[in-house]
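Chemist: Coordinates only, no sequence provided:
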């Protein structure tokens with residue numbers, strides 16, 4: 001195809017026009033961007049306009065949103081703690097009022113009518129503190145723990161208050177890795193549970209025991225161990241990887257599998273004598289177990305050993321769990337026969353025999369106790385070695401005793417045992433020996449024996465003094481049903497009685513068994529019941545002591561009331577500490593938000609003066625370009641004629 005001649009001036013003018021048109025479009029686009037920036041106040045509208053700055057902006061915006069949420073958390077927490085402090089202040093003031101009433105009751109000039117009036121005032125204080133305990137803020141009950149949607153305290157009798165919440169903390173984040181507790185639960189604030197903390201139940205190991213439950217719940221960090229079996233002629237050393245084992249049965253399986261194809265297989269089981277450690281046995285010869293350098297797995301599993309015929313592992317101290325079988329308690333001896341026995345539990349005037357014969361595990365036992373209708377709370381002691389059983393009802397005696405068996409004792413939760421110190425009896429009043437240390441027993445055959453307990457320090461000491469009078473005929477022990485001391489006498493068929501005095505009264509041994517059957521004991525009252533040391537319990541007892549005119553009990557409660565008032569003062573200090581922590585967190589978050597906003601301003605926000613200047617300049621440039629385009633287009637039309 002032939003190309004015609006290029007007309008003079010035609011192509012250059014066309015090219016110039018094209019370039020000018022592009023310049024116009026570029027200016028218009030830039031002008032539009034500047035208009036968008038002025039309208040929105042932002043440097044860009046889409047990620048593609050500035051990818052690097054857009055990424056930084058997104059990160060900064062998300063961070064700012066989180067920080068703003070943390071600030072909101074701080075403000076909510078502060079308001080909750082302020083309301084909590086107000087309630088605690090109210091309780092503290094009520095305790096001061098109760099203290100004044102108690103002192104009036106102790107006054108030698110107070111008569112029965114005046115003490116009754118004082119008791120009525122204490123009753124009103126209990127109701128007002130109950131109202132404070134049920135304080136609600138922003139739809140949440142302040143002292144219910146995690147049970148914040150139900151009323152935590154209710155009056156269930158004269159001076160008796162039941163706690164329906166739990167001891168859980170409610171936390172919120174003040175930053176990515178900083179949490180603060182924004183509540184004080186009712187157990188902490190009001191000491192609202194009367195708790196029996198059981199003894200170490202010495203759980204026997206089984207192959208099903210979890211590694212995580214060893215050493216009181218600290219577990220063992222597993223890895224590789226070295227096991228060497230020697231039959232005298234040949235030594236086989238194997239590195240056994242125990243990583244990710246979950247139970248002792250996994251340990252057994254891996255060690256045995258490592259030697260299954262050798263001439264000297266190894267077996268692993270539970271050490272049968274103590275049932276507290278592992279046992280590793282070669283088919284013949286000796287076995288040695290050691291750790292690899294820098295490890296202590298074998299040591300922590302209690303099986304590190306020089307060459308021996310049998311490795312008898314050390315105590316692995318497993319903790320109690322809900323799945324722990326009752327038969328594995330007390331080194332595998334269990335808790336004795338349960339059928340027809342069980343527990344005798346008393347909460348105030350309610351006393352009930354709890355049948356535990358169907359319970360196989362700790363979880364079964366807990367469920368049985370919770371279903372007994374006695375307002376009990378169940379769990380484990382802090383170290384995981386024993387049971388913790390609590391009564392939710394304040395200001396009434398709480399006890400756990402036997403029902404013709406040893407279940408309570410072997411579960412470690414009998415509230416009165418022979419090891420109890422005499423000074424702990426009667427809510428800490430003890431046994432008064434200053435005015436004399438003897439009491440008299442009138443036997444069934446008419447004889448009168450005097451029992452001197454001078455120098456006795458425990459309940460067992462008292463029992464020993466009685467049992468030494470007429471061995472095999474006069475005997476004393478703990479009541480077979482419930483608690484207290486039981487006195488048996490086969491000397492005759494007459495009544496068995498104890499003369500009333502301060503010593504006998506404090507031991508609960510007052511009264512007469514008038515029957516003629518020597519197999520029926522004179523049963524003493526329970527002198528080691530539990531009550532919480534909290535405000536409701538103290539005030540409930542104070543009300544009762546005032547109505548009875550019990551000066552001795554008032555004296556005991558005087559010291560407890562002082563301790564409780566001091567505890568509430570400390571609690572208010574704890575709230576203040578948390579409030580200061582919130583103030584510090586809010587100041588820090590404020591500083592951080594300033595820095596984040598500065599980053600956003602640098603990466604996303606515009607300098608309005610700078611953008612307006614650029615816009616004006618760009619507008620002028622566009623107008624100039626239009627003028628040049630106009631002249632260029634006119635020349636091109638002539639050239640193309």
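Modeler: Yes, it's here. Treat the numbers as computed from the prediction; the structure is a model and nothing was measured.

Chemist: How many residues are close by residue 617?
Modeler: Using other CB atoms under 10 Å, residue 617 is surrounded by 11 other residues. For glycine as for every other residue, the C-beta is placed from the backbone atoms N, C-alpha and C.

Chemist: Now do the SS call for it.
Modeler: helix (DSSP: H, G, I helix; E, B strand; the rest coil).

Chemist: How about the contacts made by it?
Modeler: Contacts for residue 617 (CB atoms under 8 Å, 6 or more residues apart in numbering) come out as none.

Chemist: Then residue 445?
Modeler: Neighbouring residues of residue 445 by CB under 8 Å, 6+ apart: 491-492, 494.

Chemist: where does residue 202 fall, phi/psi-wise?
Modeler: With angles defined as degrees, to the nearest 10, residue 202 sits at phi 50, psi 60.

Chemist: Just the pLDDT at it, thanks.
Modeler: Note on residue 202: pLDDT of 94.

Chemist: Tell me where the stretch 51-200 of the chain has helices.
Modeler: 51-106, 112-133, 186-190 (DSSP state H, counting those that start in this stretch).

Chemist: Tell me which of these is the most buried.
Modeler: helix 186-190 (a mean of 25; mean count of other CB atoms under 10 Å).

Chemist: Off-centre distance for it?
Modeler: Relative to the chain's own centre, helix 186-190 is displaced by 13 Å; criterion: CA atoms, centre = their mean, to the nearest Å.

Chemist: Check residue 27 and give its pLDDT.
Modeler: At residue 27, pLDDT is 66.

Chemist: got a list of contacts for stretch 446-463?
Modeler: With CB under 8 Å, 6+ apart, stretch 446-463 has contacts from 416-423, 425, 431, 433, 437-443, 465-466, 469-470, 474, 476-478, 485, 491-492, 494, 503, 507.

Chemist: Make CSV from the helices of the stretch 51-200 of the chain and add distance to residue 566 and mean pLDDT to it.
Modeler: Shown next, in CSV, are the helices of the stretch 51-200 of the chain (distance: least, CB to CB, whole Å; pLDDT from 0 to 100):
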stretch, distance to residue 566, mean pLDDT
helix 51-106, 10, 90
helix 112-133, 17, 95
helix 186-190, 14, 94
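
Chemist: Out of these, the one nearest residue 612 is which?
Modeler: helix 51-106 (20.6 Å; CB to CB).

Chemist: In terms of secondary structure, what does the closest one contact?
Modeler: Judged by 3 or more CB pairs under 8 Å, 6 or more residues apart in numbering; DSSP states H and E, the packing partners of helix 51-106 are helix 112-133, strand 136-137, strand 171-175, helix 535-548, helix 551-603.

Chemist: Residues in contact with the shortest one: which ones?
Modeler: It refers to strand 136-137. With CB under 8 Å, 6+ apart as the criterion, strand 136-137 contacts 79-80, 83, 142.

Chemist: How far does that strand sit from its chain's centre?
Modeler: When C-alpha coordinates are averaged (CA atoms, centre = their mean), strand 136-137 and its chain have centres 23 Å apart.

Chemist: That one - what's its average pLDDT?
Modeler: If you average the pLDDT over strand 136-137, you get 94.

Chemist: partners of it, with directions?
Modeler: Sheet pairing for strand 136-137, assigned by DSSP bridges, gives strand 140-141 (antiparallel).

Chemist: Touching the partner strand from outside, list them.
Modeler: Outside strand 140-141, the residues that reach it (CB under 8 Å, 6+ apart) are 80, 134-135, 147-152, 165.

Chemist: can you pull out the helices in the stretch 201-350 of the chain?
Modeler: So, for the stretch 201-350 of the chain - with DSSP H, counting those that start in this stretch - the helices run 248-259, 297-300, 329-332.

Chemist: Does anything pack onto the longest one? Which helices or strands?
Modeler: The criterion is 3+ CB pairs under 8 Å, 6+ apart, and the helices and strands that helix 248-259 contacts are strand 224-230, strand 235-241, strand 266-270, strand 278-282.

Chemist: between those, which gets nearest to residue 399?
Modeler: Across those, residue 399 has its closest neighbour in strand 266-270 (36.3 Å, CB to CB).

Chemist: ranking the helices of the stretch 201-350 of the chain by burial, who's on top?
Modeler: For the helices of the stretch 201-350 of the chain, the highest mean count by mean count of other CB under 10 Å goes to helix 297-300, at a mean of 21.

Chemist: now, among the contacts of residue 445, which is nearest to residue 600?
Modeler: Out of the contacts of residue 445, the member with the shortest distance to residue 600 (by CB to CB) is residue 491, at 95.7 Å.

Chemist: Quick check on the closest one: phi, psi?
Modeler: Dihedral angles (degrees, to the nearest 10) for residue 491: phi -80, psi -20.

Chemist: what domains does the record give for this protein?
Modeler: 63-192+534-590, 211-312, 326-415, 423-523 (automatic domain parsing).

Chemist: returning to what we had before: got a markdown table for the helices of the stretch 51-200 of the chain, with distance to residue 213 too?
Modeler: Output for these, formatted as a markdown table (distance: least, CB to CB, whole Å):
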| stretch | distance to residue 213 |
| --- | --- |
| helix 51-106 | 35 |
| helix 112-133 | 37 |
| helix 186-190 | 26 |
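
Chemist: of all those helices, which lies closest to residue 375?
Modeler: Among the helices of the stretch 51-200 of the chain, helix 186-190 sits nearest to residue 375 (CB to CB), with 13.7 Å.

Chemist: helices or strands next to that closest one in the packing?
Modeler: helix 112-133, strand 160-163.

Chemist: mind checking how far the longest one is from the chain centre?
Modeler: If I follow you right, that is helix 112-133. That offset, for helix 112-133, works out to 33 Å (CA atoms, centre = their mean).

Chemist: now stretch 568-576, how far from the centre of its chain.
Modeler: 20 Å.

Chemist: Mind listing residues that contact that stretch?
Modeler: 81, 84-85, 88-89, 91-92, 95, 184, 188-189, 535.

Chemist: still on that earlier bit, now the buried members of the contacts of strand 140-141.
Modeler: 80, 134-135, 147-148, 152, 165 (16 or more other CB atoms under 10 Å).

Chemist: Mind putting those residues into CSV with distance to residue 403?
Modeler: Putting the buried ones among the contacts of strand 140-141 into CSV (distance: CB to CB, whole Å) gives the following:
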residue, distance to residue 403
80, 46
134, 37
135, 41
147, 32
148, 38
152, 33
165, 31
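
Chemist: How about the contacts made by the residue nearest in space to the middle of the chain?
Modeler: With distances taken as CA atoms, centre = their mean, the residue of the chain nearest its centroid is residue 168 (6.1 Å). Neighbouring residues of residue 168 by CB under 8 Å, 6+ apart: 145-147, 185.

Chemist: Of those residues, which qualify as buried by neighbour count?
Modeler: Here, 16+ other CB under 10 Å leaves 145, 147, 185 buried among the contacts of residue 168.
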